[in-house]
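Visitor: pasting the sequence and the predicted model now:
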Amino acid sequence: MVRPSSIYRYAFRLFSTAEHNTSSRSFHISKGRRLDESGAPTMTNFEEHAKRFFVFERVDDDAFRTSDLSTSRQGPSRTAYGGLIFAQALAAAENTVDDKLKPHAIHSFFVLSVDTSLPVQYNVRRIRDGRSFCLRSVEGVQDGKIVFTMQASFNVVSFALLYS
């Protein structure tokens, strides 16, 4: 089991956007999910729902596999939601850096569509490790083909003076 990632706050935005129907201003909640009084999913329910997407099988020191790729927004489609693939790749990269380092610049490309019925393996390459920043390259591989690539730079969060 891989350590939980700090990606949950990003994932909360991802799933809130993914499940929100802008035309009716309502949320599509699966049966049995609890709601708070405002009608939105509670954070506790969200964490229960989202954690399953970030459970990785560690294949190698820098390789992680997951097979949970379907979200409730998809309906009959077998194509994975791109935001989920992005979030999982970022979580895989975060699992190879120190906890004090946070993502600050990310570039990604979707190469092929991702089939939700097949697992995706995220191979992380350590480009640079420094005291205050590091760089990771991530390839999402499905069925022997690269389906997603990402470069993520992480740095130590520091406070800076703001000039106006």
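Guide: All right, it came through fine. The model shown is predicted, which means the values in this text are computed figures rather than measured ones. Numbering: from 1, shown residues only.
Visitor: surely residue 92 is in contact with residue 64?
Guide: Yes - when contacts are counted by CB atoms under 8 Å, residue 92 is listed as touching residue 64 (4.5 Å). Using the backbone N, CA and C atoms, a C-beta is placed for each residue, glycine as well.
Visitor: which of these two has more neighbours?
Guide: Just comparing residue 92 and residue 64: by other CB atoms under 10 Å the higher neighbour count belongs to residue 92, 31 against 26.
Visitor: so what sits against both of residue 92 and residue 64?
Guide: Common neighbours of residue 92 and residue 64 (criterion: CB atoms under 8 Å, 6 or more residues apart in numbering): 56, 122, 124.
Visitor: out of these, grab the one that's most surrounded.
Guide: Highest neighbour count within those: residue 122, with 25 neighbours (other CB under 10 Å).
Visitor: name the residues linked to that residue by a beta bridge.
Guide: residue 64, residue 140 (DSSP bridges).
Visitor: now do it against residue 162, distance only.
Guide: The gap separating residue 122 from residue 162 is 36 Å, by CB to CB, to the nearest Å.
Visitor: now do residue 123
Guide: In terms of CB to CB, residue 123 sits 39 Å off from residue 162.
Visitor: mind checking which of these two has more residues around it?
Guide: Between residue 123 and residue 162, residue 123 has the larger neighbour count (other CB under 10 Å), namely 18 against 5.
Visitor: touching, the more buried one and residue 62? I think so.
Guide: Yes - shown here, residue 123 and residue 62 form a contact pair, counting by CB under 8 Å, at 6.8 Å.
Visitor: and the contacts of the lengthiest strand in the chain?
Guide: In the chain, with assignment by DSSP state E, the single longest strand is strand 145-156. If you take CB under 8 Å, 6+ apart as the criterion, strand 145-156 is touched by 85-86, 89-90, 93-94, 97, 100-114, 120, 127, 131-141.
Visitor: buried residues in it, which are they?
Guide: 147, 148, 150, 151, 152, 153, 154, 155 (16 or more other CB atoms under 10 Å).
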